[in-house]
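[1] Make a model of this:
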Amino acid sequence: MRNIKKIILTLLLVIPVTSYAFSGGSGTKEDPYQIRTCPELQNIITLLAEHFILIDNVNCNLWDYGDGGGFMPLGNLTTPFTGKLDGNNFKVSYIKINRYLQDNIGIFGVTLNAEITNVNLDNIYILGKSNVGGLVGFAKSGTKISNVYASLSEINADYSHVGGLVGRSEGTSNVRNTIQNSSVDLIVKAAPEGSTSVGGMVGSASYADISNSHALGTVSGNARVGGLAGSLGSSITLLNTYATALVHGWYDIGGLVGSVSTFPPSHITNSYATGKVVIEDGNAGGLIGSAYNLLIDSCYATGEVESLTTSQTFNTGGLVGDFTAGGMLKNSYATGAVTNNHGVLGGLVGRLSDSTVSHSYSVGRVSGTNSWAIGGLIGAFRDDASVVGSYWNTITSGQLGSAGGTPKTTIEMYQQATYVDWDFANTWKINQGFDYPHLQWEQK
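    You can find the predicted model right below:
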């Protein structure tokens with residue numbers, strides 16, 4: 001009998017006891033592991049390919065992995081998170097991560113073919129080096145994020161690819177990433193020197209689709225800084241997105257996106273920005289700072305754009321600062337004031353190069369006492385640029401001239417007849433005699 005007891009005791013010592021790890025479940029799609037506490041959430045790190053579901057709000061106040069850095073990101077480049085987390089609309093709060101010398105920092109460090117949905121993040125504080133996000137530091141191909149909300153949080157980084165939700169999103173031409181039906185209201189900050197690709201929701205992205213999502217709060221960094229996304233690479237689609245964040249930086253700053261440089265082309269549709277944009281140097285726009293090979297359709301910006309540059313080589317626009325390389329901007333408008341005492345500025349586009357603007361307008365005040373090129377609609381033309389059926393308000397802009405477009409008064413711009421060949425059946429609407437045209441989707 002004594003020998004039997006010894007055998008049982010030995011087995012208990014060598015066989016891992018896993019009942020404490022989760023509140024239930026077996027990790028399958030049909031029976032996911034159940035999570036109700038922060039230690040259980042942290043324990044995902046041991047089973048990165050499984051399915052999980054929250055069954056209660058998770059409070060991580062004072063939680064530390066044991067190394068003084070707070071919560072340990074789930075997944076890394078060697079073993080990324082490849083499973084699924086369903087937040088079940090519960091809240092994850094008070095996670096703190098302080099790993100300023102490390103890359104790929106977020107609640108999830110690196111994801112691959114993963115799915116994260118129905119999660120509310122609250123009072124999250126994260127500090128990392130590069131690839132830093134409130135939810136995911138580095139989202140590799142096949143990552144799907146939906147119905148995720150973050151508020152009262154702060155994301156900080158010492159270097160690049162920094163976003164309120166995702167630091168770096170990198171899909172492929174065959175396996176894209178997606179973010180949909182998500183929002184953030186937080187502070188995103190990167191070092192004022194050396195940092196690049198800083199966004200309210202996403203730091204940088206390529207081969208990704210972002211839809212029905214928005215960002216609020218404040219965003220600051222050095223280069224490629226945007227209210228929603230810092231920089232967009234190849235084949236991005238933004239659909240039904242917006243940002244109301246205050247955006248500040250040094251180079252390529254935009255109310256929605258800092259910089260777009262893309263091949264294959266990217267598309268931004270039915271999107272807008274309303275936050276103020278302040279740039280110390282470089283290109284700035286109410287919607288996008290600089291854009292290369294981009295289609296913008298049915299978008300607008302209403303925020304003020306203020307450039308503090310002392311250089312004559314940069315561009316500032318109410319919608320886009322520098323628009324170039326085969327781009328198309330159509331059915332869009334800008335209403336915010338644009339100020340740049342040096343360089344090039346326009347009410348809609350600062351510099352238009354080898355691209356087309358059609359069926360668009362601007363009405364914001366445009367002022368630049370030392371600017372070498374200034375226009376009510378377009379500041380400067382280069383390389384076969386063209387403007388079709390587009391207008392600016394000479395009275396509200398304070399500008400009688402433009403590198404392209406047709407000047408109109410306020411009374412004229414309140415009349416539908418002014419807008420030749422515009423589609424008021426499907427795209428535009430106007431309250432004649434009282435307002436400028438607006439996009440029909442705005443009412444939806």
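
[2] May I have the residues that are in contact with Val388?
    Val388 is in contact with Thr356, Val357, Ser358, His359, counting by CB atoms under 8 Å, 6 or more residues apart in numbering. For glycine as for every other residue, the C-beta is placed from the backbone atoms N, C-alpha and C.

[3] Next, find the distance separating Ala205 from Phe138.
    To Phe138, Ala205 is 11 Å away according to CB to CB, to the nearest Å.

[4] list residues touching both of those two?
    Arg168, Glu170.

[5] Just the pLDDT for the closest residue to Asp185 other than its chain neighbours.
    Spatial nearest neighbour of Asp185, chain neighbours left out: Leu216 (4.2 Å); criterion: CB to CB, 6 or more residues apart in numbering. We have a pLDDT of 97 for Leu216.

[6] tell me the SS of Leu216?
    Here Leu216 is recorded as strand under DSSP: H, G, I helix; E, B strand; the rest coil.

[7] Contact partners for it?
    Contacts for Leu216 (CB under 8 Å, 6+ apart) come out as Ser183, Val184, Asp185, Leu186, Gly200, Ala243, Thr244, Ala245.

[8] now those as JSON lines including distance to Ile296 and neighbour count?
    Output for the contacts of Leu216, formatted as JSON lines (distance: CB to CB, whole Å; neighbours: other CB atoms under 10 Å):
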{"residue": "Ser183", "distance to Ile296": "22", "neighbour count": "19"}
{"residue": "Val184", "distance to Ile296": "23", "neighbour count": "30"}
{"residue": "Asp185", "distance to Ile296": "25", "neighbour count": "17"}
{"residue": "Leu186", "distance to Ile296": "26", "neighbour count": "25"}
{"residue": "Gly200", "distance to Ile296": "19", "neighbour count": "35"}
{"residue": "Ala243", "distance to Ile296": "15", "neighbour count": "32"}
{"residue": "Thr244", "distance to Ile296": "19", "neighbour count": "20"}
{"residue": "Ala245", "distance to Ile296": "19", "neighbour count": "34"}
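
[9] neighbours around Ala425, how many?
    Counted with other CB atoms under 10 Å, residues neighbouring Ala425 total 8.

[10] quick one: it is in a strand?
    No - counting by three-state DSSP, Ala425 is not part of a strand but coil.

[11] which regions of the protein sit below the pLDDT cut-off?
    The chain contains residues with pLDDT under 70 at 1-20, 444.

[12] repeat that with 90
    1-20, 192-194, 261-265, 281, 309-313, 325-326, 340-343, 368-373, 381-384, 443-444 (pLDDT under 90).

[13] ok, how many other residues are close to the closest residue to Ala208 other than its chain neighbours?
    Leaving aside its sequence neighbours, Ala208 sits nearest to Asn177 (CB to CB, 6+ apart; 4.2 Å). Around Asn177 there are 27 other residues, counting by other CB under 10 Å.

[14] My read is that Asn177 contacts Gly142, right?
    Yes - between Asn177 and Gly142 there is a contact under CB atoms under 8 Å: 7.0 Å.

[15] Common neighbours of the two, please.
    Contacts common to Asn177 and Gly142, judged by CB under 8 Å, 6+ apart, are Gly171.

[16] Do you have the helices of the stretch 301-444 of the chain handy? List them.
    Shown for the stretch 301-444 of the chain, the helices assigned by DSSP state H, counting those that start in this stretch span residues 394-397, 410-413.

[17] Please list all residues in contact with Val136.
    Counting by CB under 8 Å, 6+ apart, Val136 makes contact with 106-111, 116, 143, 145, 165-167, 169.

[18] For it, list each beta-bridge partner.
    According to DSSP bridges, the residues that bridge with Val136 are Phe108, Val166.

[19] Can you tell me how far it is from Ile126?
    Separation of Val136 from Ile126 (CB to CB): 11 Å.

[20] follow-up on the earlier one: among the contacts of Val388, who's most crowded?
    For the contacts of Val388, the largest number of neighbours (other CB under 10 Å) sits with Val357, at 29 neighbours.

[21] That one touches Gly389, doesn't it?
    No - the criterion here is CB under 8 Å, and Val357 misses it with Gly389 at 9.1 Å.

[22] Any chance of the contacts of Val388 in CSV with distance to Asp158 as columns?
    Shown next, in CSV, are the contacts of Val388 (distance: CB to CB, whole Å):
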residue, distance to Asp158
Thr356, 40
Val357, 39
Ser358, 43
His359, 44
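
[23] follow-up on the earlier one: tell me the most buried of the helices of the stretch 301-444 of the chain?
    Counting by mean count of other CB atoms under 10 Å, helix 394-397 has the highest mean neighbour count of these, with a mean of 20.

[24] quick one on the thing from earlier: which members of the contacts of Val136 are classed as buried?
    The neighbour count (16 or more other CB atoms under 10 Å) marks 106-111, 116, 143, 145, 165-167, 169 as buried among the contacts of Val136.
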